[in-house]
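**Student:** Need a 3D model of the sequence below.
(one chain, ligands or ions: 1)
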Amino acid sequence: MSEANGKKATLKLNGKEIELPIYSGTLGPDVIDVKDVLASGHFTFDPGFMATASCESKITYIDGNAGILLHRGYPIDQLATKTDYLETCYLLLNGELPTAEQKKEFDSQVRNHTMVHDQVSRFFNGFRRDAHPMAIMVGVVGALSAFYHNNLDLDDVNHREITAIRLIAKVPTLAAWSYKYTVGQPFIYPRNDLDYAENFLHMMFATPADRDYKVNPILAKAMDRIFTLHADHEQNASTSTVRLAGSTGANPYACISAGIAALWGPAHGGANEAVLKMLDEIGSVENVAPFMEKVKTKEVKLMGFGHRVYKNFDPRAKVMKETCDEVLGALGINDPQLELAMELERIALSDEYFIKRNLYPNVDFYSGIILKAIGIPTSMFTVIFALARTIGWITHWLEMQSTPHKIGRPRQLYTGEKQRNIDR
Ligand code: ACO
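**Tutor:** Take a look at the predicted model:
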């Protein structure tokens, strides 16, 4: 735990003064420790946790006003352009980028765990064919807990670390299979001669009939970058969910499944799917202006815009936009939806309504367009986000498990009935 920095906040309450210690991190606002408020018979109130730091962490730093995102101190644009996804995973887990030797060892460790127990493949048959792949993911990733439970010792650092490796390695297999199942194609097993992104795309798109299927390297590179840009994002809703579930000592695979559930919502990871649906609904450029009027009257939300923390720009969106241009250029795609998206972006960035509310495109605005160009169906967009974010979730889970922590248990402002008696 950080030491108090000597500064104190004073809270005046019913004529008494309560001194509250203040802590400084390495970056970002100081935090006021409000624990002592409890002794006065009060709770603090912060719905949506707008001003609450829920934990101490060394993994990721965000400055929403300046549009800064750092993993272990490194800016996201450098990580996205100078490392591959598994190097970023290594960095998140270990605090430092790997040497060439460490990278080789880490890559091969992940490759060794890409298979899932064959019994897992049978769970898929329990789902309807038209099930949303995120629903399947919540089920099958949670089901991994049944395979790694009895012998899992959360106090053993080796057990915790192998859990992280297993998750990074197996989630792409389950993600690709959640797609294959819904289109009625046979599961394609992982290939350990391929790199991480290639292996995922191979499991998604290869079929037994097309033995020579080769992953396009431009698409593999774009996929890898999408993974890197989604790897972690501090204490967002799904990560906080994983921490909260993990704080009870629950099985980590079940905790990750809880994170997948939280990510699914359109206000969080489900936004990338919602962006494409919105573009479909708008249809063509001439419908953009009337659609924007509906946004202003709050009939609809502009999906892929706005962020709880970024109030200037989303640094991931910047790299994603560049990748989007690269991929569409390299593939020679001239997508009318892209033109539509650019018109939305242009209006939103110049319109007083959006400027006043600091509404900028977020990472999901562009990722949907690239994913579409890669050939990923819309229903898989959030699954890909979940795949990429698994490293962030498990890194936060590891950080929490390796430091003293309390069960997460917020309180409430109760506004229901007072005690009353059943009168009969
Ligand atoms: N479209 C139109 N108006 C918006 C949008 C939007 N996307 N987002 C916020 N606003 C407006 C609100 O109506 C509100 O206006 P008001 O002041 O007139 O009432 C104002 O901007 C502030 O909005 P809040 O809801 O208070 O902002 P909050 O920080 O709580 O919400 C959120 C952030 C949930 C991301 C929101 O911007 C949103 O729903 N965006 C669309 C969904 C989306 O793209 N989510 C992805 C987030 S990134 C990620 O998870 C990877």
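
**Student:** how close does residue 356 sit to residue 346?
**Tutor:** Residue 356 sits 17 Å away from residue 346, going by C-beta to C-beta, to the nearest Å. Placement of C-beta: from N, CA and C, glycine included.

**Student:** Oh, that last question was meant for residue 418, not what I typed.
**Tutor:** 55 Å.

**Student:** Please apply the same query to residue 48.
**Tutor:** 31 Å.

**Student:** Show me what from this protein comes close to the ligand.
**Tutor:** 267-269, 271, 295, 298, 301-308, 357, 359, 362-364 (C-beta under 6 Å from any ligand atom).

**Student:** who's in contact with the residue of the chain found nearest the ligand?
**Tutor:** Residue of the chain nearest the ligand, by C-beta to the nearest ligand atom: residue 306 (2.3 Å). By C-beta atoms under 8 Å, 6 or more residues apart in numbering, residue 306 lies in contact with 357-360, 362.

**Student:** just to revisit the earlier point, the more surrounded of residue 418 and residue 346?
**Tutor:** residue 346 (11 against 5; other C-beta atoms under 10 Å).

**Student:** where does residue 310 land in three-state SS?
**Tutor:** Using DSSP: H, G, I helix; E, B strand; the rest coil, the structure places residue 310 in coil.

**Student:** and the closest residue to it other than its chain neighbours, what does it touch?
**Tutor:** Of all residues not flanking residue 310 in the chain, residue 64 sits nearest, at 4.8 Å (C-beta to C-beta, 6 or more residues apart in numbering). Contact analysis of residue 64 by C-beta under 8 Å, 6+ apart lists 307, 309-312.

**Student:** where in the stretch 51-200 of the chain is pLDDT low?
**Tutor:** Scanning the stretch 51-200 of the chain for pLDDT under 70 picks out nothing.

**Student:** Next, the contact list for the closest residue to residue 133 other than its chain neighbours, please.
**Tutor:** Nearest residue to residue 133, sequence neighbours excluded (C-beta to C-beta, 6+ apart): residue 178, at 3.9 Å. Contact analysis of residue 178 by C-beta under 8 Å, 6+ apart lists 124, 133, 136-137, 140, 380, 383.

**Student:** switch the cut-off to 10 Å
**Tutor:** 124, 127, 131-141, 379-380, 383, 386 (C-beta atoms under 10 Å, 6 or more residues apart in numbering).

**Student:** Now the host helix or strand of it: buried residues?
**Tutor:** In this assignment (DSSP states H and E), residue 178 forms part of helix 157-183. Buried residues in helix 157-183, counted by 16 or more other C-beta atoms under 10 Å: 160, 163-182.

**Student:** Then stretch 7-16?
**Tutor:** Buried residues in stretch 7-16 (16+ other C-beta under 10 Å): residue 11.

**Student:** distance between it and the chain's centre?
**Tutor:** Distance, stretch centre to chain centre, for stretch 7-16: 38 Å (C-alpha atoms, centre = their mean, to the nearest Å).

**Student:** residues in contact with that stretch?
**Tutor:** In this structure, residues lying in contact with stretch 7-16 by C-beta under 10 Å, 6+ apart are 17-24, 30, 32-34, 36-37, 40-42, 44.

**Student:** Which members of these occur in strands, if any?
**Tutor:** In this view, the contacts of stretch 7-16 that belong to strands under DSSP state E are 17-23, 32.
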